[in-house]
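Novice: sequence isn't available, so here's the structure alone:
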């Protein structure tokens, strides 16, 4: 299993809500990343999820810090391990997350994420 981290990201100039969450999945040289409108909750409502450019691996180990380029501040909310349940290139992405707060199957499809 590979590592994941969920970051709370505040103060990003392109974020009208002022706060969102970044889900980072460890891959070989960088982290595959999605912006989540809210923190997922087991059996909670689906939430908006948008793919982002890859993030640096350093965020897997940082507790908090300024985001480069004046793009706000991020702090770790959860961390753990994940395992792909579908092909990484599939339109519907399913992952099994095992973290302190996020544990279960996360599905991302059609711009929405749902945790079961």
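Specialist: That came through, no problem. Values in this document were obtained by computation on a predicted structure and should not be read as measured data.
Novice: in the chain, which spans are strands?
Specialist: For the chain, strands defined by DSSP state E occupy the ranges 2-10, 19-26, 31-36, 47-55, 64-66, 73-84, 93-99, 103-109, 112-115.
Novice: pipe those into CSV and attach mean pLDDT and mean neighbour count per row.
Specialist: Backbone N, C-alpha and C define where each C-beta goes, glycine included. Listed next are the strands of the chain as CSV, based on pLDDT from 0 to 100; neighbours: other C-beta atoms under 10 Å:
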stretch, mean pLDDT, mean neighbour count
strand 2-10, 96, 20
strand 19-26, 96, 21
strand 31-36, 96, 19
strand 47-55, 95, 15
strand 64-66, 88, 11
strand 73-84, 96, 16
strand 93-99, 96, 18
strand 103-109, 96, 18
strand 112-115, 96, 18
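Novice: show me what contacts the residue sitting nearest the centre point of the chain?
Specialist: Centroid check for the chain by C-alpha atoms, centre = their mean gives residue 23 as the closest residue, at 0.7 Å. Counting by C-beta atoms under 8 Å, 6 or more residues apart in numbering, residue 23 touches 4, 5, 6, 33, 34, 36, 49, 106, 113.
Novice: I appreciate the help and will end here.
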